[in-house]
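1. Below: sequence and its predicted model.
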Amino acid sequence: MTIAQLLTEFVETYGKNKWTYSTYTAMVARIQHYVIPMIGDINVEDFDVRSAERFYKDLLDQPSRSYKNRNCSRSVVREIHKLLNEAFNRAVIWEIIPSNKIVNAVYPLEEKNERVIWNEETIRYAIENCEDPLMSLAINMAFSLTLRRSELLALTWDDVYLNESPAYVKVNKIIQRVELFAIDDLAGRDIYKVFESTKQDSASVLVLKKPKTASSVRKVFIPDTLTETLIKFKQAQNELIRNTPGYEDNNLIFAGPTGYPTEPRKLTSDFRKTVNHMGLPKVCFHSLRHSSITYKLKISNGDIKAVQGDSGHAKASMITELYSHINEKDRINNTMLLDKMFFKNENNDIIERNLDNTASIDNPAQIAELIEKNNRLIEELFAKLGK
């Protein structure tokens, strides 16, 4: 069996049942654009670690499928390795090959760039001074409710419980642009609503669909100030609906001028323009979610499980590994507290005097008493440091 034949069967029997629309679309495209043209004719049993590593190295010289004047990125190489590794594991289960020879293959590492986030002053300034009410609300909700872009744009008014105390939103769907061929191949699985395309002969459509993971479905409480903003925004939107002929009301919070959903990439583009116009530090829209998690960790004294309830991460470790940005102000404060509590604490002088005294005492009982006093002082010192 060739690699092309294995991947065809793998996609048909495994991918269609396990992958989301975005994953399915990306995997099929990578197989067709990179894998089959380069190694599709090689027999599965002949493809070993050395073959895989040469392939990954050669991939970096291939033109990018998605971007002009760029080569295949290291992140794409990583995803292709994961795809091949998973397919070869299935081949072992299917008894096509005795073992997965590429499981230990090494692929080029990606350069990790730390994501820049806004501090509280910048976020407050952006919300209060943004000229576009829709963008101001988007920034506010993404930060306050720790929402992903796709979750934010999918919110409908029946997801928002403004009359409850406290008010809250239910995050239970996402909005996504999906290729038509993927909808056919996956039989419309997990799709709640398909929005008719505004362009003729479009190969993709916007859909409301089930979130990727069960943990993404969650309840997030709304701060009072945001509740008031949402009430006023709903009133203004109702006025727009009444005065706009042909308005198609899909009950979406972030609806366009005629009721059509807001494109995720349009929100990204509009946010970038807002940042430039306001002269704010350049961040991407998703950074608002990072800021949210960072400050919720801070104000909750590191209550990871509580923050995970808002963020919808499947694993708590993702919060600490990916999102726990270090606040420089806190680091400076910690340094000053350490200096004050440890090095400038009056207990230190007492401890040092007690240690000096032990050198001139012959009575073991007196020495033991001083050591016991020192131990109590040290315990008090570390108790203060822990507060």
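-> Arrived safely. Residues are numbered from 1 along each chain as shown.

2. So which residues of this structure form strands?
-> 160-161, 168-171, 174-179, 191-194, 204-209, 218-221 (DSSP state E).

3. Would you tell me which of these gets closest to Pro264?
-> Proximity to Pro264 (Cβ to Cβ) singles out strand 174-179 among the strands of the chain, at 6.7 Å. C-beta coordinates here come from the backbone N, C-alpha and C atoms, glycine included.

4. Just the buried residues of stretch 273-293, please?
-> Within stretch 273-293, the residues that count as buried by 16 or more other Cβ atoms under 10 Å are 274-275, 280, 283, 285, 287-293.

5. and that stretch, how far from the chain's centre?
-> 15 Å (Cα atoms, centre = their mean, to the nearest Å).

6. I'd like the mean pLDDT over it, please.
-> The average pLDDT within stretch 273-293 is 94.

7. Just the terminal-to-terminal distance for it.
-> 24 Å (Cα to Cα, to the nearest Å).

8. can you check stretch 241-253 too?
-> Where stretch 241-253 begins and where it ends lie 12 Å apart, using Cα to Cα.

9. Please apply the same query to stretch 211-230.
-> End-to-end distance (Cα to Cα), stretch 211-230: 24 Å.

10. Residues contacting that stretch, please?
-> Here stretch 211-230 makes contact (Cβ atoms under 8 Å, 6 or more residues apart in numbering) with 20, 137, 140-141, 144-147, 151, 160, 162, 166-174, 253, 309-310, 312-314.

11. What of stretch 59-67?
-> By Cβ under 8 Å, 6+ apart, stretch 59-67 touches 29-30, 33-34, 38, 70-74, 76-77, 80, 108.

12. Please pull out the lowest mean pLDDT helix or strand from the protein.
-> The weakest-scoring helix or strand in the chain, judged by mean pLDDT, DSSP states H and E, is helix 346-358 (a mean of 55).

13. Report how many residues lie close to the spatially closest residue to Asn172 that is not a sequence neighbour.
-> Excluding the flanking residues, the one nearest Asn172 by Cβ to Cβ, 6 or more residues apart in numbering is Val217, at 5.1 Å. Here the number of neighbours of Val217 (other Cβ atoms under 10 Å) works out to 13.

14. cool, Thr262 as well?
-> Neighbours around Thr262, by other Cβ under 10 Å: 21.

15. contacting residues for it?
-> By Cβ under 8 Å, 6+ apart, the neighbours of Thr262 are 134, 153, 252, 254-256.

16. got the end-to-end distance for stretch 253-268?
-> End-to-end for stretch 253-268, by Cα to Cα: 17 Å.

17. same check, this time on stretch 127-136
-> First residue to last in stretch 127-136 (Cα to Cα) measures 5 Å.

18. Let me see the mean pLDDT of it.
-> Mean predicted lDDT for stretch 127-136 stands at 95.

19. now swap in stretch 310-329 and tell me
-> Mean predicted confidence for stretch 310-329 is 71.

20. Kindly report the same for stretch 151-159.
-> Mean predicted lDDT for stretch 151-159 stands at 97.

21. For it, list every residue counted as buried.
-> 151-156, 159.

22. Output it as CSV, nothing but the C-alphas.
-> The C-alpha coordinates for stretch 151-159 follow below in CSV (Å, rounded to 0.1, in the frame of the first residue of the first chain):
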residue,chain,number,x,y,z
GLU,A,151,-17.9,32.2,20.3
LEU,A,152,-18.4,35.9,20.5
LEU,A,153,-19.8,36.3,17.0
ALA,A,154,-22.1,33.3,17.5
LEU,A,155,-23.9,34.7,20.5
THR,A,156,-27.6,35.2,20.1
TRP,A,157,-29.9,37.2,22.5
ASP,A,158,-31.4,34.0,23.8
ASP,A,159,-28.0,33.0,25.1
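
23. Touching it from outside, list them.
-> 138, 141-142, 169-175, 208, 211, 216, 234, 250-254, 261-262, 264, 267, 312.

24. ok, the closest residue to Asn104 other than its chain neighbours - how many residues close by?
-> Spatial nearest neighbour of Asn104, excluding adjacent residues (Cβ to Cβ, 6+ apart): Val49 at 6.0 Å. Val49: 13 surrounding residues under other Cβ under 10 Å.

25. same question, Ala203
-> Ala203: 9 neighbours (other Cβ under 10 Å).

26. Sweet, I'm off.
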